[in-house]
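A.B. asks: For reference, the sequence and a predicted model appear below.
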Amino acid sequence: MKTLSFSKFFKLIKDRKQSTIIQMKKLFLITTLFALIVSNNTAFAAFLDVPENHKNATAIEYLQENGVIQGYSDGTFKPNNTINRAEFLKIIIEGSDIPTDITNNAPFPDVQNDAWYGKYVKKAYHEGWIIGYTDGKFKPEREISKVEALKIIAKAQKWSVKNTVLNSPFEDVIASEWYAPYVEYAKEHQYLEETGSLYGPHIQANRGGISEVIYRTNVDFENQPPNNENTTPTNNTTETNQGSLNFQPYTVGKIPADFFNNITLSEDLPNTFYQGEVYILSGTITQSGYNSATAALYELSSTTPKTFIENTNGNSFSIPIYFATPGNHRIGLLPGESGSTKTANISVLPNLPKNTETEIANSATNIQIQFQNNKTNIKLNSENSTFKKIILTQNDQKVTYLNRQNINSLPIQFKDFQNFKNGNVQLTIETAKIGSTVPLSLTSNFASSSTVNFTATEHSFSIIEDKYIDSVIPETLSFGSTINFSGTVKRNTKTKAYVIKPDGFTETLTLKTTSQIGTYFDSNIILNGGNFTFTYVPQSSGTYIIEINDQDGLATVNHPIYIGNTVPLIPDYFDINKRTTLFNGDLDLNNEQQNLLTLINQSRQAQGLAPIILDNQLNNLAQNHSNDMHQNNYFGHYNLQNQTPDDRRIAAGITTSVGENVAKDVGIKFAHYGLMRSAAHRENILDENWTRVGIGITLSNGYLLIAEEFSSTPITSEDLTKYKNELLTKIGDLRTAASVSGLVIKDDLNLASKYLTDKVIIEKATINNALFNEALDTYGVTGLSQAIGRNHSQWKVILDSILNDEKALLTDPSNINIGVDIQVDEVGTIHALIILNKNN
């Protein structure tokens, strides 16, 4: 009797075009993966009418990348087009990172509350930037002149303009006109692109020119030298114990609490600090609408500041400043993360003043080191008016922080510990009494606390995209705890999730949900608004990085959870290195390919894996894809023809499967370490089956578009024989373990298996009952027979699936005969077919 249980051995699945087909069970390799980078993950839209040498290209790119401006549907930006009042308000408000938090009704009869520009008009009116026309209307569609726009920018960014102008900044700007102070200020600060004798104040503003002004006002804080608004150096310093200095410190004094615009500090700020000192700048922002504050430390020899940014709590902020380098510097402070700031002169001295030893200090107590809200803090109890030395040591490495303030918690700076290693660290705090804080005087020797020992581990950044996922995810757990959290997705999200384990390898799991499941290409997805639960049981202490991706492969969660008694202290690559500039210069493709290959192999060898080699055919595949992403302005695995990586490698004549990573970043190292922080990408880089790789790199508007195409060595006839022997051996082991006698290999079953495989590969046939019976009849097979089939590009996947999913059938004692055929088709897919037979 010859039967085939159709429903048992063949599956109904959806192919990537979403049509229902019947075929043998096929396991897919390709996963949609994207690069994890700090900046926006979508590619910059290179406008057709804004070439790289366009005078406003940098400004337009900056604003487009930050979501402030966009082009037209035909791919152009039209920089010479005029701009209306509504469009301008959107650009200035979003370009200056100003929140639109006004809930009142629109103040003008020609502005509806639900108009796209309504929120910008309400904000501008509320802040007093606009007043409307004499007829009471705003006239949103009316074109705006250059000076009208400049005045609104000045008010929005709170420029400190003069009331009167003595000398006209341009020949066509009359000093007595209302707009002259704004033009003068903008020219002095190099906000204007006009460099000749004429400005054209009443000319209508165009999209390119407005983009330039907004761009320059935004980067002014980051890239322009600060104005000196404090005293000059003097010899009248009261600080001693400094030895020979190569700079002349400023006179010791205080910076008033209200010195910085729109900010009031909680107390006057010292203007003299010490190398290693950490000072907490606390205060309030006196204007509503900001959710962060930024401090900047300028060294006099540099135009690029060190910036320290913290979120606000209401209008209050607390920013730790780390003074690492002796010398004369300037300090600035402003609401938000961009704009202009007044700066004050400060000195950082290399040595503390001498102790007077007139008092006895008490030791600090209750010392703890804790990780919370992505920060590691040192906590202690000490008396008021106590100077603190916080000392962390590991073998011959030591980091010391100083602090003079009455605080009981101090955050560390991860990059200070780049020479530390995972393992034990000692924490000691020395305290001395303070006679005065400005100038600083110490009135006792230092008293040392007991030593606290803790286990340091590497810190990892955290990304939880609140706009795409709603969940509370733990930062730390005790060993033995289960990682378990639930939430709601705000966009279609893959059910497949990932974990990077402490050993550096990855593991996949499936999100649980009671909501509707959909499909997107070959992925199951939880639809927007659905619920999910993430559950994972750690097997050891250490850092577990969890990853959840949306349907396109973009990470909505990439978050470390520290398990056990460890404290994040050691910086990762991104704690030390910051993306401050775009890729500069010409791209040396061969050199950058080799650099990336070296990084890939270093990562593989660190995990005990064999290195891989560059392959010319795969290089071409990768380069074609990175070029295509640039030329057609998209970023992803599916091109505009809806081709997958597998489609593209088949079209290129590559007969082995590929695993693709794509990245967009400002440099090779940033791209690689970003990919390694994403479990989905890391899984590709650390796949033991890969033996070769192709690397494509295309320079696109200051970014590198990178495609990595991983693949294996082409399968040979010797490999197929090895696969068959391995399969038969593993099946024999299963039956032995189940105390079942071994199967007998039959030639007629081997031939029937080959008959079916040939039909599938050569004739593209679909196996059904009729074809199965035809094969058995052709070779005279009698008795009850059943078939198992698998298709995949990797043998290990096929083998594991057969042994795990078909164990009951393989160990059924009533099955006594077996036939096997394994072949590879022209596109590199392995086809394995087994026939089990019950005939004696």
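C.D. replies: Yep, it's here. Numbering: from 1, shown residues only.
A.B. asks: Quick check, Lys155 in contact with Glu127.
C.D. replies: Yes. Under the criterion of Cβ atoms under 8 Å, Lys155 makes contact with Glu127 at 7.1 Å. All C-beta atoms are positioned from the backbone trio N, CA, C, and that covers glycine.
A.B. asks: Which of the helices or strands spans Leu803?
C.D. replies: helix 795-805 (DSSP states H and E).
A.B. asks: Quick one: list the elements packing against that helix.
C.D. replies: helix 717-737, strand 785-792, strand 830-837 (3 or more Cβ pairs under 8 Å, 6 or more residues apart in numbering; DSSP states H and E).
A.B. asks: among those, which is nearest Thr217?
C.D. replies: Across the helices and strands packed on helix 795-805, Thr217 has its closest neighbour in strand 785-792 (56.1 Å, Cβ to Cβ).
A.B. asks: What angle do helix 795-805 and the closest one make with each other?
C.D. replies: 140 degrees (axes from the mean of the first three to the mean of the last three Cα atoms, to 10 degrees).
A.B. asks: show me the contacts for Ile131.
C.D. replies: Tyr125 (Cβ atoms under 8 Å, 6 or more residues apart in numbering).
A.B. asks: could you redo the last one with a cut-off of 6 Å?
C.D. replies: For Ile131, no contacting residues are found, by Cβ atoms under 6 Å, 6 or more residues apart in numbering.
A.B. asks: Wasn't it part of a strand?
C.D. replies: No. Counting by DSSP: H, G, I helix; E, B strand; the rest coil, Ile131 falls outside a strand, being coil.
A.B. asks: what separates it from Lys501, distance-wise?
C.D. replies: 61 Å (Cβ to Cβ, to the nearest Å).
A.B. asks: now swap in Ser160 and tell me
C.D. replies: Counting by Cβ to Cβ, the gap from Ser160 to Lys501 is 55 Å.
A.B. asks: neighbour count winner among those two?
C.D. replies: Per other Cβ atoms under 10 Å, whichever of Ser160 and Lys501 has more neighbours is Lys501, with 17 against 11.
A.B. asks: who touches the more buried one in this structure?
C.D. replies: Per Cβ under 6 Å, 6+ apart, neighbours of Lys501: none.
A.B. asks: Ramachandran angles for it?
C.D. replies: Per-residue torsions, Lys501: phi -90, psi 170 (degrees, to the nearest 10).
A.B. asks: Could you measure from it over to Gln539?
C.D. replies: For Lys501, the distance to Gln539 - Cβ to Cβ - is 8 Å.
A.B. asks: Equivalent analysis for Glu458, please.
C.D. replies: 19 Å.
A.B. asks: which of these two has more neighbours?
C.D. replies: Glu458 (21 against 12).
A.B. asks: Excluding chain neighbours, what is closest to that one?
C.D. replies: Ile570 (4.5 Å; Cβ to Cβ, 6 or more residues apart in numbering).
A.B. asks: now Thr655
C.D. replies: Distances taken as Cβ to Cβ, 6+ apart place Gly828 nearest to Thr655, at 4.1 Å, with adjacent residues excluded.
A.B. asks: Which helix or strand contains the one you found?
C.D. replies: Using DSSP H and E, Gly828 sits in no helix or strand.
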